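In: dropping the sequence and predicted coords here.
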Amino acid sequence: MSPHRRQVRPQTNSPLKWTIQWLLVILLSYSSLIVTLGWPFIFGHPIQAGDVAERDYVAHKKTSIVDVVKTREAQEQARESTVPVFKKDMKAYSASMAKLRSLLDLVKGRFAQPSNEPTVLKVLDENLVSTVADALSKKDYQQWRQQTETAALRFIKSTPLYPDARASWRQIVYEFLPEDMSTDLRNRTASLIAHCMQPNMVLDDEATHQRFESSQIDVKPVTKQVESGTLLITRGDRLTVEDVMMLKDMGNTHAHDLDNLLGIAIALLAAFCLFGVFLFTLEPQFFFSPSAIALMATVSVVTSGIAAAVGREYPQFVPLPAAALVLSVIFGRRVAIVLALIIIIFARVSDLIDGPHLVALTAASCMAFATNITKRKELMLTGVMIGVVQAIGYSIASLIYRPEGPAMPMMLELIRNLLGGLSSSIVAIGSLPFLESMFGILTPFRVAELSEPDQPLLRQLEEKAPGTYQHSLAVANLAEAGAKAIKADVNLVRAGAMYHDIGKMVTPRFFIENQLGDKNPHDEISPEESRAKVLAHVTNGIELARKYGLPRQVKDFVPEHQGTTVMAYFYHKACQRDGFENVKESDYRYPGPKPQCKETAIVMLADVSEAVTHSLREPTTEEVETVMSNVFKARWDDGQFDESGLSEEELEKVKQGFVRVWRTLHHDRLKYPSTTTGKMPVPPSRTSQPS
């Protein structure tokens, strides 16, 4: 997953413009990260009981504030004086009468033949039944029972029976009994009825609570005078409920820790400097690229912003693994690890994510670093692996941070972490094409896709200029070997080699590989016309690349593979016609630019090497190596690699890579003895074999 490495200098004709652009990207990135990482300290969090005061709170002027203690005492007094709300319990009627009738039946049983069977009555029930039976004769029982039931029904229907008023029930029931009933029997009957009655009024909890709340709201706050300069709360104190109410009364509803914000800003500035030194030293192609820095900042800001927004409630879905995956694909593991580590540290310092979840996200990010993805379809499998690792990481971290806990919440957390890892892969898959387009960054996936033969431009090249297509394939094979030899971007080199001559399909007959033995049209036109036709394949190629949306890095191969080299054949043809002193060599040079990176330099060498070796007839390996050495030296002496970063040592390695490929493709075949037919030899007969 090696990213594309251009030259370390700014790609602009205006250093001042580039410097301003670079500085603006840095400043915008820094300020955006300050906002996202310092979100809790800038916008604060609601002050709650249990928080630690981040500063001293002092009354800035003489004012009245709520006396929380006295106000609470007044509210408690109002609550105690509030009458609870009751509601009727209709079930109490039937339950009370059922119990009464059962005891009346027992009274009747006392007048029957005594039974030796034991009763299961409660002691109080037994005493009441016995007391009434002693004061009542058998002949008066039926009338007494009717009077008792009537009095009980009138009592329970007309009288609200509250649970705490049972002591007064017997006296009230007494008034409902007939006056002609003897006083003794009347008292005993009243006790029996009162004993059977159940409260028909029960507490209405909801209505009572509303009444209590209303009574407290109606209590006016008790205030007290505070002189200016009075210290109300000391920094470091643990806030009580009363403190929070007092602060809110003074207009302090959120805690803003500006000291921590300043610390974040200083630490982030230090991180920027250290990361800048790292890029400048080890990855200069990214340090000098405003688009690369902007992309890194965008990924960091978005990740930190989501962490600030949902990190406390849904930390499982903070896309830290997605950021690690995207950064690894685009910039390589080394840059991705350093940048992700910075994000993780600041997310913890800013308290955006708690410990166990941050450990889980870190483990998932390590999984993203460890994978070697070469195709987009592999991202989904990687996403599953990331989800599993995130879930495992959380389970291990939770055992360390919170060893006790119910099993069901743990299972839910594991499922959420698994889904969080999967969502990270989805985010990475969905964001890569967008980031490629927005920042002009070429990923290995896109490069590999461009080299596939079913690409529209390559299909047209094969149809319209088959010789050029075969030449491009040969150049790609050579260039790929050269790139491997010096550890350049192999995928980019192959893609650039396949597209470097696409402009030839516009006028294919003016290039020898497409003439297939036909008459060369350059024999009938002037060197100036030939020069124009050949130069046009560069401009036509650039136009086709723009039309079909080729990435800039691939499009650069079209002009850079020729650099500013001389069209030697037409230059010498013009010199033969007009004289050497009358022809300017500069008129027959390609407009350039020269190769700006090692990859385009390799394709330049592969292009000319394929052409010269193709023209040789049955050359030996030594002859091929000599020809390539001459070609390489000519390009080097002509200054074509001055801006590419290619060294002489690397040039030799590229040549050896080319020779190995040529030797593989042109290995010597076994020479069979000739036959009269000229076809493959037939095996000798058995009779001709020696005995």
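Out: Yes, it's here. Numbering: from 1, shown residues only.

In: in the stretch 201-350 of the chain, which spans are helices?
Out: With DSSP state H, counting those that start in this stretch as the criterion, the stretch 201-350 of the chain has helices at 205-217, 241-249, 258-282, 284-287, 290-310, 320-331, 333-349.

In: return the most buried member of the ones you listed.
Out: Highest mean neighbour count among the helices of the stretch 201-350 of the chain (mean count of other C-beta atoms under 10 Å): helix 320-331, with a mean of 28. All C-beta atoms are positioned from the backbone trio N, CA, C, and that covers glycine.

In: distance to residue 38 and mean pLDDT added to the helices of the stretch 201-350 of the chain, as CSV?
Out: As requested, the helices of the stretch 201-350 of the chain are arranged in CSV below (distance: least, C-beta to C-beta, whole Å; pLDDT from 0 to 100):
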stretch, distance to residue 38, mean pLDDT
helix 205-217, 39, 79
helix 241-249, 22, 68
helix 258-282, 5, 86
helix 284-287, 26, 86
helix 290-310, 9, 89
helix 320-331, 18, 89
helix 333-349, 9, 90
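
In: can you spell out which helices and strands pack onto the lengthiest helix in the chain?
Out: As assigned by DSSP state H, the longest helix anywhere in the chain is helix 407-439. On a contact count with 3 or more C-beta pairs under 8 Å, 6 or more residues apart in numbering; DSSP states H and E, helix 407-439 meets helix 290-310, helix 320-331, helix 355-370, helix 378-401.

In: ok, 10 Å please
Out: The contact analysis (3 or more C-beta pairs under 10 Å, 6 or more residues apart in numbering; DSSP states H and E) places helix 407-439 against helix 290-310, helix 320-331, helix 355-370, helix 378-401, helix 444-450.

In: export the helices of the stretch 201-350 of the chain to a markdown table and append columns for distance to residue 468.
Out: Below are the helices of the stretch 201-350 of the chain laid out as a markdown table (distance: least, C-beta to C-beta, whole Å):
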| stretch | distance to residue 468 |
| --- | --- |
| helix 205-217 | 86 |
| helix 241-249 | 78 |
| helix 258-282 | 39 |
| helix 284-287 | 31 |
| helix 290-310 | 32 |
| helix 320-331 | 32 |
| helix 333-349 | 38 |
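
In: quick one: closest of those helices to residue 613.
Out: Judged by C-beta to C-beta, the one of the helices of the stretch 201-350 of the chain that comes nearest to residue 613 is helix 284-287, at 32.0 Å.

In: looking at the helices and strands packed on helix 407-439, which is closest to residue 272?
Out: Nearest of these (C-beta to C-beta): helix 290-310, 10.0 Å.

In: tell me the spacing between residue 227 and residue 69.
Out: 19 Å (C-beta to C-beta, to the nearest Å).

In: typo on my end, residue 261
Out: Counting by C-beta to C-beta, the gap from residue 261 to residue 69 is 35 Å.

In: likewise residue 599?
Out: For residue 599 relative to residue 69 (C-beta to C-beta), the value is 77 Å.

In: between these two, tell me which one has more neighbours.
Out: Comparing residue 599 with residue 69 by other C-beta atoms under 10 Å, the one with more neighbours is residue 599, at 33 against 11.

In: which residues touch the more buried one?
Out: Neighbour list for residue 599: 4-6, 479, 482-483, 486, 488-497, 553-554, 556-557, 560, 644, 646 [criterion: C-beta atoms under 10 Å, 6 or more residues apart in numbering].
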